[in-house]
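S.K.: A predicted structure for the sequence below; I have some questions about it.
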Amino acid sequence: MTLASALIRSHIRRQLAAALAVPLAALTPASGAMAGETVTIRIDNFTFGPETVTVAPGTAVTWINGDDIPHTVVSQSKLFRSKTLDTDDRYSFTFDAPGEYPYFCSLHPHMTGKVVVKAPAG
Amino acid sequence: MHDPTDANDDPSRPSRRGALECMVWAGTGLLWTLGGGLPRAMGLERALAADASPAPFSFLQISDSHVGFNKPANPDALGTLREAVEKIRTLPQKPSFIIHTGDISHLSKDKEFDDADQILRETGVPMFYVPGEHDLLDDEPGRAYLDRYGKGSRGAGWYSFDQNGVHFIGLVNVVELKAGGLGNLGADQLDWLEKDVAGLSSSTPVVVFAHIPLWTVYPEWGWGTQDGARALGLLKRFGSVTVLNGHIHQIIQKVEGTVAFHTARSTAFPQPAPGSAPSPGPMKVQPGELRQYLGIASVSLVHGNEPLAVIDTPLAG
């Protein structure tokens, strides 16, 4: 295996890990993502997916807009606010303090989601 | 069966239903004429075909141009706006003015507003705007919109004016939206509205226009206005209220008492019927069929002694 293909494979593994982090985080809210990891939330069909994610303090959460229509990611407590995200645009925010962070799309406020920041058990 | 609500033998005072007879909508725009003090709508295609019998007063509604949108549902939203304007220019009777019910631009970029303005100017008639949520996406939300279109308006861009005895009210329901909620007018605007209509006689015909429907069309997709009922409550005493909205890129209308509600088609791309798709995102149709959803198809509203009926009247295809 050449170095280049090894790099690509490693890149693909990282991508897969990032993609898997979302459903895992959604399914096992008690465990959540490890500090320093990245969790991805997709915006598709006017929905944040998954709607609720649980992450460890220090996790960067990235939203990617897959819709043909722009959306925003706006914290209800005004802690964070993305610019307008057009198709394939992304926005990241790193959550340091434990707590619950509900957010919504300020253009389509029926779109809501929540990030729960919780230290891993043990 | 005779409908008692339609009992009105005085031709100078047409009933609500009488005024709604044979309304036709086309996606390119709606031509509104005032007959006997009541607004009447006609789709552009029909207006173009009609004899040039002069109405005392007419205006036109255009909506959701989304200039800058270039995705598969319509790769050339500017081109379809141009087509709509070309149709307006060939109307036998020039409308007194045009109301644009928002989403002029797709992303509130200067170039998008510039392009829209340049084409709409070719209509040669005054324009009245209210913003859609796509017009408030600049870094200081709404600044670009207000600088361009907000002259003489209040707050986020609301205002009223009178023309030929009709009171027109432009409302803004796309700012300070609350999580989980719908469109929003807010206390300041409702206070203003109350004062604005306070001195009007109840016989004044009122036309109120805003981007998001003021009535609840489909809350699951956010198609409604949280405090819209409060605005309509302030207009309850008026004998004729016509509510014109955009946002949902399709025609939906209803009549409730003295209030007639209409949503206009977009000149850019269609959206699915409420609940008929996973999301309200742009509806992709075959390229050859796009204009049927934007401008060529029309809906006729006819009446007899039966309840109001909607008939699709495609003009091509």
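M.R.: Yep, it's here. As the structure is a prediction and not an experimental result, all values here were calculated from the model.

S.K.: show me the shaky parts of the chain.
M.R.: Reading this off chain A. Low-confidence segments of chain A (pLDDT under 70): A:1-36, A:122.

S.K.: other chain: chain B
M.R.: For chain B, the ranges with pLDDT under 70 are B:1-57, B:295-317.

S.K.: change it to 50
M.R.: By pLDDT under 50, the weakly predicted segments of chain B are B:1-27, B:36-37, B:52-54, B:295-317.

S.K.: can you give me the helices in it?
M.R.: Under the criterion DSSP state H, helices of chain B are mapped to B:16-20, B:44-49, B:77-89, B:110-121, B:143-149, B:187-198, B:228-234, B:290-291.

S.K.: ok, A:Leu85 to chain B distance?
M.R.: Counting by CB to the nearest CB, to the nearest Å, the separation of A:Leu85 from chain B is 10 Å. From N, CA and C alone the C-beta is placed, and that goes for glycine too.

S.K.: tell me which parts of chain A are close to chain B?
M.R.: Residues of chain A lying close to chain B (CB under 8 Å from any CB of the partner chain) are A:44-47, A:67-70, A:76, A:83-84, A:86-87, A:102-104, A:106-112.

S.K.: about what we covered before: format the helices of chain B as a markdown table; extra columns: distance to chain A.
M.R.: As requested, those are exported to a markdown table (distance: least, CB to the nearest CB, whole Å):
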| stretch | distance to chain A |
| --- | --- |
| helix B:16-20 | 31 |
| helix B:44-49 | 26 |
| helix B:77-89 | 12 |
| helix B:110-121 | 12 |
| helix B:143-149 | 13 |
| helix B:187-198 | 17 |
| helix B:228-234 | 14 |
| helix B:290-291 | 15 |
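
S.K.: what's opposite B:Asn245 in the beta bridge?
M.R.: The bridge-partner assignment for B:Asn245, based on DSSP bridges, gives B:Thr263.

S.K.: burial check on it, number of neighbours?
M.R.: 31 (other CB atoms under 10 Å in any protein chain shown).

S.K.: separate out the buried members of the residues of chain A next to chain B.
M.R.: Neighbour counting by 16 or more other CB atoms under 10 Å in any protein chain shown classes A:46-47, A:67-70, A:84, A:86, A:103-104, A:106-112 among these as buried.

S.K.: so which of those residues are in strands?
M.R.: A:Thr47, A:Tyr103, A:Phe104, A:Thr112 (DSSP state E).

S.K.: tell me the two of those that are most distant?
M.R.: Farthest-apart pair in those is A:Thr47 and A:Tyr103; separation 13.2 Å (CB to CB).

S.K.: quick check: the closest residue in space to B:Ile252 that isn't next to it in sequence vs A:Leu107, distance?
M.R.: Nearest non-adjacent residue to B:Ile252, counting by CB to CB, 6 or more residues apart in numbering or on different chains: B:Thr263, 4.9 Å away. B:Thr263 sits 18 Å away from A:Leu107, taking CB to CB, to the nearest Å as the criterion.

S.K.: what does chain B put close to chain A?
M.R.: B:71-73, B:106-108, B:133-134, B:137, B:139, B:177-182, B:219-222, B:278-282.

S.K.: buried among these? Make that a PyMOL selection.
M.R.: A single PyMOL command is used to select the members of the residues of chain B next to chain A judged buried by 16+ other CB under 10 Å:
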select buried, chain B and resi 71+73+106+107+108+133+134+137+177+179+181+182+221+222+279+280+281+282
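
S.K.: beta partners of B:Phe161?
M.R.: B:Phe168.

S.K.: separation between the residue nearest to B:Thr204 when sequence neighbours are not counted and B:Phe128?
M.R.: Distance criterion CB to CB, 6+ apart; nearest residue to B:Thr204, sequence neighbours excluded, is B:His167 at 5.2 Å. Distance from B:His167 to B:Phe128, counting by CB to CB: 13 Å.

S.K.: what count of nearby residues applies to A:Thr59?
M.R.: 24.

S.K.: tell me, what's touching B:His167 and B:Phe128 both at once?
M.R.: Residues touching both B:His167 and B:Phe128 (CB atoms under 8 Å, 6 or more residues apart in numbering or on different chains): B:Phe161.

S.K.: so what's the nearest residue to B:Trp223 once chain neighbours are set aside up against?
M.R.: In space, and not counting its chain neighbours, B:Trp223 is closest to B:Val217: 4.0 Å by CB to CB, 6+ apart. When contacts are counted by CB under 8 Å, 6+ apart, B:Val217 touches B:Trp223, B:Gly224, B:Ile248, B:Ile252, B:Thr263, B:Pro274.

S.K.: quick check: the first one touching B:Pro274?
M.R.: Yes. Counting by CB atoms under 8 Å, B:Pro274 is a contact partner of B:Trp223 at 6.7 Å.

S.K.: compare these two (neighbour count), which wins?
M.R.: B:Trp223 (23 against 16).

S.K.: state the distance from the more buried one to B:Trp158.
M.R.: Taken as CB to CB, the span from B:Trp223 to B:Trp158 is 20 Å.

S.K.: please apply the same query to B:Ser276.
M.R.: Counting by CB to CB, the gap from B:Ser276 to B:Trp158 is 32 Å.

S.K.: between those two, which has more neighbouring residues?
M.R.: Neighbours were counted for B:Ser276 and for B:Trp158 using other CB under 10 Å; B:Trp158 has more, 23 against 9.

S.K.: neighbours around the nearest residue to B:Leu60 once chain neighbours are set aside, how many?
M.R.: Nearest residue to B:Leu60 in three dimensions, chain neighbours excluded: B:Pro95, at 4.2 Å (CB to CB, 6+ apart). When neighbours are counted by other CB under 10 Å, B:Pro95 registers 23.
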